[in-house]
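K.L.:
Please find the sequence and the predicted model below.
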Amino acid sequence: MMKYPKIVGWSVVITTWTSCGVGLNCMKSQEQGNNEVVNTAEDMIEWIGHDVESGKLDSTIADTYIVNLEEIIKYSKE
């Protein structure tokens with residue numbers, strides 16, 4: 001028979017709660033990071049559009065950049 005069953009029981013409960021809290025915190029941080037990636041990629045698409053309009057960038061190259069950035073956005077939202 002165990003000498004301290006309540007201590008062991010509460011230790012398991014506290015460890016479980018802590019693990020869940022850390023896991024949820026990591027998931028939240030990852031989601032915020034993905035939002036930054038999406039925002040940056042969307043900004044870059046807008047800047048590329050301005051560069052094409054001003055003649056600083058060829059539209060063929062711009063299309064390739066935009067397709068790649070849209071793939072990054074799609075991947076980040078999954």
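P.N.:
Looks like it arrived, so ask away.
K.L.:
just checking, next helix/strand downstream of the helix or strand bottoming out on mean pLDDT in the chain?
P.N.:
The helix or strand of the chain with the poorest confidence is helix 5-54; it has a mean of 79 (mean pLDDT, DSSP states H and E). Remark: after helix 5-54, the chain's next helix or strand is helix 59-77, criterion DSSP states H and E.
K.L.:
Give the buried residues for that next one.
P.N.:
62, 65-66, 69, 73, 76 (16 or more other Cβ atoms under 10 Å). No exception for glycine: its C-beta is placed from N, CA and C like everyone else's.
K.L.:
Which members of these define the maximum pairwise distance?
P.N.:
Farthest pair in the buried residues of helix 59-77 (Cβ to Cβ) is 62 and 76. Separation: 20.8 Å.
K.L.:
Residue 41: how many residues sit nearby?
P.N.:
Counted with other Cβ atoms under 10 Å, residues neighbouring residue 41 total 20.
K.L.:
Compute the distance between the residue nearest to it when sequence neighbours are not counted and residue 48, please.
P.N.:
With Cβ to Cβ, 6 or more residues apart in numbering as the criterion, residue 41 has its nearest non-adjacent residue at 4.5 Å, and that residue is residue 69. Taking Cβ to Cβ, to the nearest Å as the measure, residue 69 falls 8 Å from residue 48.
K.L.:
With residue 75 instead?
P.N.:
19 Å.
K.L.:
about what we covered before: quick one, what contacts the residue nearest to residue 41?
P.N.:
Counting by Cβ atoms under 8 Å, 6 or more residues apart in numbering, residue 69 makes contact with 41-42, 44-45, 48.
K.L.:
same check, this time on residue 42
P.N.:
69, 73 are the contacts of residue 42 under Cβ under 8 Å, 6+ apart.
K.L.:
Give me the distance between the residue sitting nearest the centre point of the chain and residue 72.
P.N.:
With distances taken as Cα atoms, centre = their mean, the chain has residue 34 as the residue nearest its mean C-alpha position (2.2 Å). Residue 34 sits 10 Å away from residue 72, going by Cβ to Cβ.
K.L.:
list residues touching both of those two?
P.N.:
Counting by Cβ under 8 Å, 6+ apart, nothing touches both residue 34 and residue 72.
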